[in-house]
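>>> Generate a structure from the sequence data that follows.
(chains A, B, C and D)
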There are 2 protein chains.
Amino acid sequence: MGTTTSPPPPLGDADLTARARIRDAAIARFAADGVASTTLRAVAEDAGVSAPLVVHHFGSKDGLRVACDHHVASVIRTSKSAAMTGSLDPLAGLRQLGQGPPLLRYLARTLADGSEHVATLLDELVDDAVGYLQQGVEHGVVKPTSAPRERAVVMLMWHFGALVLHEHVERLLGADLTASDPAELLPWALAAGEVLTHGVITEPLFDQMREAAQTLAAERDRS
Amino acid sequence: MGTTTSPPPPLGDADLTARARIRDAAIARFAADGVASTTLRAVAEDAGVSAPLVVHHFGSKDGLRVACDHHVASVIRTSKSAAMTGSLDPLAGLRQLGQGPPLLRYLARTLADGSEHVATLLDELVDDAVGYLQQGVEHGVVKPTSAPRERAVVMLMWHFGALVLHEHVERLLGADLTASDPAELLPWALAAGEVLTHGVITEPLFDQMREAAQTLAAERDRS
DNA sequence: CAAGATACTTAATGTGCGTTCAGTATGTCA
DNA sequence: TGACATACTGAACGCACATTAAGTATCTTG
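Below you'll find the predicted structure:
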């Protein structure tokens, strides 16, 4: 065999083909710099291919972006169903997939920039979170609530919102929310855990809030 | 008077000059589309001027961006000190400035994209939040904590993080976090308020978390 | 081995961008 | 009035970008 060029892996095979390398490189770049600031050339270079090959495989830059959305969503969908204990962290299962491209960072970035596919993925994650929290209630580790869905939304938004701002969390607290190593997010987990266990505000203030809300709603009905 | 062209406002005056119009238009565009996806031409058109005038006033696109950072930071710094009651919401005072350009949206977007000036502004806001929470503790509306700064960071990250994801909050909960009208964020405030009052997880789970943390720290020390 | 598809390259194309140029009106000040 | 600065414009420039064109290997299939 004239082995001047390295033989590519068997074609029908799962991954590591150039197409997959491009996709992974794009996910990393999109996650780090945002979609708009990422050039096709940079992605191509990271993947060790030429720029036109990217469009050959994905049609266009937007096609590449959609493919990334689909891939991230698919990986998360499959990995979340596995090994999901009754833990507090709805992302616990997702942190496992720290190897390879930074999926969580990509998800956070895309969530902030707005994407149809990732939005529906988020909707699914909300549904899942409702289920996990319900399980937690049954196991006695999560407190019951009168508005399970609203609570799930709030907690998921807090989680992902903090993930979007992970750079600031790292600067302010020295905890890396995107790390797969749980030790890296310890300072954050302890502080957040305390709030989520004991709360921050007292009953009277909350009552006051609800009263104000009712006044607001009453005013609204009169108009 | 030959009024073929509208007479410009007196020059030494405070605002509404073309420079200010450009700045406000840029803030709105940057907030909505992100900096990278915003063209100088679009900003100029919104402000009713030509594109070269933008660079005449601000030197470059990056200069414009820096000017926006400074302006937003300055407005927030001055408005936050006024009318800041012992309220729960550290952004309560900031919501007032809903008129004019969407400062909160800009802040959230820039926080996610990363900017030096806005990062230092955030650091200041953390310091402020520590103070406000301490005031709240003294007034009996906020529960005391052993780690005030960490708690303040967590709460501010949650707040701003959710603000970054306001689009999803609106879709999932029907509440607009960027609105100045408090009625618009009622569904969110009630759900978040309940969590912040009663917590979500039970003591045993939190104890379990802390134990795991200590184990982790012990392992770390041994290496 | 012919023949077609697939993976990939370099070179070229066209467009949209930030920015610069050259010029015009409208001050301001001696 | 003349001289100079400031605010502003339309036209043009140059560059970086996504995308296309054209061509070359390599694999697949009869």
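
>>> going forward, measure contacts and count neighbours with C-alpha atoms only.
Noted.

>>> where in chain A is pLDDT low?
Low-confidence segments of chain A (pLDDT under 70): A:1-15, A:81-99.

>>> part of a strand, is A:L107?
No - secondary structure of A:L107, determined by DSSP: H, G, I helix; E, B strand; the rest coil: helix, with no strand assignment.

>>> residues near it, how many?
Using other Cα atoms under 10 Å in any protein chain shown, A:L107 has 27 other residues around it.

>>> you'd agree it is up against A:H117?
No - if you go by Cα atoms under 8 Å, A:L107 and A:H117 don't touch, sitting 10.7 Å apart.

>>> where do the strands sit along chain A?
With DSSP state E, there are no strands along chain A.

>>> longest single helix anywhere in chain A?
In chain A, ranked by residue count with DSSP state H as the criterion, the top helix is helix A:116-139.

>>> Just the CA trace of that helix, in PDB.
Extracted C-alpha coordinates of helix A:116-139, given in PDB (Å, rounded to 0.1, in the frame of the first residue of the first chain):
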ATOM      1  CA  GLU A 116     -35.500  27.400  17.500                       C
ATOM      2  CA  HIS A 117     -34.100  23.900  18.100                       C
ATOM      3  CA  VAL A 118     -32.500  24.600  21.300                       C
ATOM      4  CA  ALA A 119     -35.600  26.300  22.600                       C
ATOM      5  CA  THR A 120     -37.700  23.200  22.100                       C
ATOM      6  CA  LEU A 121     -34.900  21.200  23.700                       C
ATOM      7  CA  LEU A 122     -35.200  23.600  26.700                       C
ATOM      8  CA  ASP A 123     -39.000  23.000  26.800                       C
ATOM      9  CA  GLU A 124     -38.300  19.300  27.000                       C
ATOM     10  CA  LEU A 125     -35.800  19.800  29.800                       C
ATOM     11  CA  VAL A 126     -38.400  21.700  31.700                       C
ATOM     12  CA  ASP A 127     -40.800  18.800  31.400                       C
ATOM     13  CA  ASP A 128     -38.000  16.500  32.600                       C
ATOM     14  CA  ALA A 129     -37.200  18.800  35.500                       C
ATOM     15  CA  VAL A 130     -40.800  18.700  36.600                       C
ATOM     16  CA  GLY A 131     -40.600  14.900  36.700                       C
ATOM     17  CA  TYR A 132     -37.300  14.800  38.600                       C
ATOM     18  CA  LEU A 133     -38.500  17.300  41.100                       C
ATOM     19  CA  GLN A 134     -41.700  15.300  41.600                       C
ATOM     20  CA  GLN A 135     -39.500  12.200  42.200                       C
ATOM     21  CA  GLY A 136     -37.500  14.200  44.600                       C
ATOM     22  CA  VAL A 137     -40.700  15.100  46.500                       C
ATOM     23  CA  GLU A 138     -41.600  11.500  46.700                       C
ATOM     24  CA  HIS A 139     -38.200  10.600  48.000                       C
END
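
>>> so who does the residue of chain A found nearest chain B touch?
Closest contact between chain A and chain B, by Cα to the nearest Cα, is at A:G161 (3.5 Å). With contact taken as Cα atoms under 8 Å, 6 or more residues apart in numbering or on different chains, A:G161 is in contact with A:A108, B:M157, B:W158, B:F160, B:G161, B:A162, B:L163, B:V164, B:L165.
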